[in-house]
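In: I would like the atomic coordinates for the input below:
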Amino acid sequence: MTSLAQVSDSAIRMVRVEGAVNFRDLGGYATTDGHHVKWKKLYRSAEISKLTPEDLDTLKSRKISYDVDLRGIKESQAAPDKINPHTDYLLCPAGSDNNLADWMKSISGLSSGGDSMMVVYYSKTEFLADRYKPFFSKLLSLPGDQSLVFHCTAGKDRTGIGAALLLYSLGVPYQTIVQDYLASNYYRAGLNEKMIKQMVAMHINAGVAADMASVKKEYLDATFNAITRQYGSVDNFLRGPIGLTSENIATLKNKFLE
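Out: Numbers count the residues shown, from 1 in each chain. You can find the predicted model right below:
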């Protein structure tokens with residue numbers, strides 16, 4: 001369901017490019033201590049393999065010269081990012097090259113429960129540190145006058161978790177983090193409808209397909225709950241496996257908050 005708040009928010013948050021969806025600015029979110037995430041510094045997106053020359057001009061005008069790709073090696077090779085010359089590109093493929101055919105086979109016989117499968121997916125912590133530690137390292141080294149985009153294929157799951165961990169590290173309250181996460185349903189509405197039809201054509205139940213195409217609060221809750229069970233808290237995860245020191249967190253806040 002589209003809210004008026006999402007429509008209003010998208011007017012300032014959406015990056016209008018022809019060759020990608022769910023491309024948006026993470027700026028403006030308030031932290032618990034009264035700061036705000038800087039605009040035009042941090043961007044999240046779905047895959048960017050189809051950006052047009054005009055789109056690349058848009059990225060250049062926003063000084064987006066750092067690109068963190070959260071897809072697997074095979075995914076990134078099949079649809080390489082279209083980026084401007086001299087863009088700093090980083091691939092973080094940990095855990096992303098799972099067999100798509102096996103995944104589709106596992107859901108083809110289901111008449112319900114797609115959301116349960118998504119909760120299971122989001123509860124897996126095995127690859128989280130290896131996937132997002134390089135991402136945070138790149139954030140820490142980002143020059144003050146440049147901007148960064150991070151993305152996966154759909155821009156909702158791996159990217160959604162990355163955005164959530166980043167916003168959490170900056171002190172953005174969880175309720176706001178969830179709102180940013182759920183906004184993918186708005187930004188991907190047209191593409192999700194198309195995706196569901198394609199999955200139904202592959203004999204996948206429409207309800208299951210809708211669960212897989214969308215994002216739900218319970219999905220992101222599953223990741224944060226799994227991290228808390230394993231590490232005691234999200235803060236412990238960021239300071240432990242991700243490797244952020246107090247100085248690192250202060251650096252992130254200095255770079256990306258105002």
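
In: Just the residues contacting stretch 21-34, thanks.
Out: Outside of stretch 21-34, the residues within contact range by CB atoms under 8 Å, 6 or more residues apart in numbering are 10, 12-15, 17, 36-46, 48, 149, 154-156, 159, 163, 166-167, 170-173, 176, 180, 183-184, 187-188, 190-191, 257. All C-beta atoms are positioned from the backbone trio N, CA, C, and that covers glycine.

In: Can I get it as CSV, trimmed to CA atoms?
Out: The C-alpha atoms that make up stretch 21-34 are tabulated as CSV, following Å, rounded to 0.1, in the frame of the first residue of the first chain:
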residue,chain,number,x,y,z
VAL,A,21,15.0,1.3,-10.1
ASN,A,22,15.0,1.9,-6.3
PHE,A,23,17.9,4.4,-6.7
ARG,A,24,17.5,6.7,-3.8
ASP,A,25,19.3,9.1,-1.4
LEU,A,26,19.7,8.0,2.2
GLY,A,27,20.0,11.6,3.4
GLY,A,28,17.7,13.4,5.8
TYR,A,29,17.1,10.7,8.3
ALA,A,30,17.2,11.9,11.9
THR,A,31,19.4,10.3,14.5
THR,A,32,18.5,9.7,18.2
ASP,A,33,20.7,12.6,19.2
GLY,A,34,19.3,15.2,16.9
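
In: Identify the residue spatially nearest to residue 234, adjacent ones excluded.
Out: Sequence neighbours aside, residue 227 is the residue nearest to residue 234 in space, at 5.4 Å (criterion: CB to CB, 6 or more residues apart in numbering).

In: Show me the shaky parts of the stretch 151-258 of the chain.
Out: In the prediction, the stretch 151-258 of the chain carries no residues with pLDDT under 70.

In: what about the spatially most central residue of the chain, which helix or strand?
Out: Using CA atoms, centre = their mean, the residue of the chain that lies closest to the mean C-alpha position is residue 159, 1.5 Å off. For residue 159, the enclosing helix or strand under DSSP states H and E is helix 158-169.

In: which secondary structure elements does that helix contact?
Out: In this structure, helix 158-169 makes packing contacts with strand 42-45, helix 128-141, strand 147-151, helix 174-182, helix 217-231, helix 234-239, judged by 3 or more CB pairs under 8 Å, 6 or more residues apart in numbering; DSSP states H and E.

In: Packing partners of the fourth one?
Out: Spelled out, it's helix 174-182. Contact analysis of helix 174-182 by 3+ CB pairs under 8 Å, 6+ apart lists helix 158-169, helix 217-231 as its packing neighbours.

In: From what I see, residue 65 and residue 86 are in contact.
Out: Yes - counting by CB atoms under 8 Å, residue 65 does reach residue 86; the two are 7.0 Å apart.

In: more crowded one of the two?
Out: residue 65 (21 against 6; other CB atoms under 10 Å).

In: Nearest residue to that one in space, please, no chain neighbours.
Out: residue 146 (4.9 Å).

In: show me what contacts that neighbour?
Out: Residue 146 neighbours (CB under 8 Å, 6+ apart): 63, 64, 65, 66.

In: And it, what's its pLDDT?
Out: At residue 146 the predicted local confidence, pLDDT, stands at 98.

In: chain center to the helix holding residue 159, what's the gap?
Out: Mean-position distance between helix 158-169 and its chain equals 7 Å (CA atoms, centre = their mean, to the nearest Å).

In: Any buried residues in that helix, and which?
Out: For helix 158-169, a neighbour-count test (16 or more other CB atoms under 10 Å) marks 158, 159, 160, 161, 162, 163, 164, 165, 166, 167, 168, 169 as buried.

In: okay, those in CSV with distance to residue 79 next?
Out: Formatted as CSV, these follow (distance: CB to CB, whole Å):
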residue, distance to residue 79
158, 15
159, 15
160, 19
161, 21
162, 19
163, 21
164, 24
165, 25
166, 24
167, 27
168, 29
169, 29
